[in-house]
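In: pasting the sequence and the predicted coordinates here, then a few questions.
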Amino acid sequence: MNEDIKNIDTFFSILSTYAKSLDRPIVYCDAIGPYECTDPQKLEKVYSIFEKILPIEVYHTLKNNRRFSLIFDDYEKALDFCLDNFPKTQEECEPEFYIRVELFNNLGESMYENK
């Protein structure tokens, strides 16, 4: 098994265990598009759009971190947050706007992802 894949599997296993131990849903976000964008004007456009749609704390976290997790009290609110704020698939947006999200429920099960 490729070492990177093994490390990712371990990371998601830890995240799953953490959601279960908290008994709360967790949304994992990976700002792949903004992180890989090399055009400063395009990147500014990406961030200006996310600034308008995301809660300010989440926007600042996105702008300053490639990967982060958000803990929610309610599964439906977590799912709505994913569906309302991020592309449903990588193919439906310009590459610079793609932020991968994965939602773990309070049992640690991966219930939604936008690959």
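Out: Yes, it's here. Numbers count the residues shown, from 1 in each chain.
In: list the contacts for the residue nearest the centre of the chain?
Out: A centroid search over the chain (CA atoms, centre = their mean) returns residue 29, at 1.7 Å, as the residue closest to the centre. Applying CB atoms under 8 Å, 6 or more residues apart in numbering, we find residue 29 in contact with 62, 67, 68, 69, 70, 86, 99, 100, 101. All C-beta spots, glycine's among them, are computed from the backbone N, C-alpha and C.
In: surely the fourth one is in a helix?
Out: No. Secondary structure assignment places residue 69 outside any helix; it is strand (DSSP: H, G, I helix; E, B strand; the rest coil).
In: circling back: out of the contacts of residue 29, the closest to residue 25 would be?
Out: Among those, residue 70 lies closest to residue 25 (CB to CB), at 9.1 Å.
In: hmm, the closest one is touching residue 57, no?
Out: No. Assessed by CB atoms under 8 Å, residue 70 is found out of contact with residue 57, at 9.4 Å.
In: ok, the two, which is more surrounded?
Out: Taking neighbours as other CB atoms under 10 Å, residue 70 and residue 57 compare with residue 70 leading, 18 against 9.
In: packing partners for the top helix by length along the chain?
Out: Across the chain, the longest stretch assigned as helix under DSSP state H is helix 3-22. Under the contact criterion of 3 or more CB pairs under 8 Å, 6 or more residues apart in numbering; DSSP states H and E, helix 3-22 touches strand 26-30, strand 100-104.
In: helices or strands up against the next helix or strand after the first one?
Out: Next along the chain after strand 26-30, taking DSSP states H and E as the criterion, comes helix 32-36. Judged by 3+ CB pairs under 8 Å, 6+ apart, helix 32-36 is in contact with helix 40-53.
In: just the CA trace of the helix or strand following the helix it packs on, in PDB.
Out: Toward the C-terminus, helix 40-53 is succeeded by helix 56-64 as the next helix or strand (DSSP H and E). Output of helix 56-64 as PDB, limited to C-alpha atoms (Å, rounded to 0.1, in the frame of the first residue of the first chain):
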ATOM      1  CA  ILE A  56     -16.700  34.800   9.200                       C
ATOM      2  CA  GLU A  57     -14.800  32.400  11.500                       C
ATOM      3  CA  VAL A  58     -15.000  29.700   8.900                       C
ATOM      4  CA  TYR A  59     -13.900  32.000   6.200                       C
ATOM      5  CA  HIS A  60     -10.800  33.100   8.100                       C
ATOM      6  CA  THR A  61     -10.000  29.500   8.900                       C
ATOM      7  CA  LEU A  62     -10.300  28.600   5.200                       C
ATOM      8  CA  LYS A  63      -8.100  31.500   4.100                       C
ATOM      9  CA  ASN A  64      -5.400  30.600   6.600                       C
END
